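Asker: Make a model of this:
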Amino acid sequence: MSLERKLIEYCAPTLASLKTANLFNHSFSSEEELEKQLAELNSLLGKKGIFLQVLFKKSNRALIYVFRKSRLQAELNRPAVRRFLSKYGYEHMDVDYGLNRLKERLGEDGAFPHEIGIFLGYPLGDVVGFIQNAGKNCKCLGCWKVYCNECEARKTFARYQKCRTIYSRLWKDGRSVIQLTVAA
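Answerer: Numbering: from 1, shown residues only. Coordinates of the predicted model:
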């Protein structure tokens with residue numbers, strides 16, 4: 001599947017400025033080609049506030065993080081988020097430092113760092129709830145496991161799904177990722 005198609009399929013809420021970030025796995029044939037594609041997309045989408053970054057690579061697979069830098073920075077600046085992330089060794093809360101620390105955590109012991117939910121725009125209460133409950137006992141399940149505000153989360157999940165449906169249709173009708181990306 002092409003990188004552009006994956007952006008539409010997995011990242012429509014971020015492209016539409018409804019969500020801070022999304023994440024997906026991407027297979028690639030060569031690192032050079034992957035870097036070239038990411039550089040081109042960053043050049044085009046960066047003008048609209050969207051950036052792509054590889055968080056982890058293994059063999060010919062890359063975990064690609066697609067994010068709105070300004071929204072992520074606002075999230076990292078929240079006092080409760082700062083306190084939470086400091087427990088996991090995040091000493092500074094600027095985006096570049098945070099993403100580098102997240103990359104370190106992804107490579108540490110093979111375990112997936114659950115604070116990644118913060119970087120994906122999940123509510124802090126749900127990220128904490130997931131960790132405290134070891135992923136069990138959630139109120140509902142959608143884009144993430146919900147432990148706090150179920151009603152609001154269900155509305156958010158519905159908005160994200162509607163966005164994905166609309167973006168998929170528009171992309172199949174010939175709109176480009178750039179045309180579908182909302183400027184921040």
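Asker: got a list of what residue 178 touches?
Answerer: When contacts are counted by C-beta atoms under 8 Å, 6 or more residues apart in numbering, residue 178 touches 44, 45, 48. C-beta coordinates here come from the backbone N, C-alpha and C atoms, glycine included.
Asker: and if you look at residue 114?
Answerer: Applying C-beta under 8 Å, 6+ apart, the residues near residue 114 are 127, 130, 131.
Asker: Show me which of those are buried.
Answerer: The neighbour count (16 or more other C-beta atoms under 10 Å) marks 127, 130, 131 as buried among the contacts of residue 114.
Asker: Hmm, the second one is touching residue 145, no?
Answerer: Think residue 130. Yes - counting by C-beta atoms under 8 Å, residue 130 touches residue 145, with 5.3 Å between them.
Asker: any shared contact partners between these two?
Answerer: residue 138.
Asker: the strands in the chain, which residues?
Answerer: 21-27, 50-58, 61-68, 140-141, 145-146 (DSSP state E).
Asker: The first one relative to strand 61-68, how many degrees between them?
Answerer: This means strand 21-27. Relative orientation of strand 21-27 and strand 61-68, computed by axes from the mean of the first three to the mean of the last three C-alpha atoms, to 10 degrees: 160 degrees.
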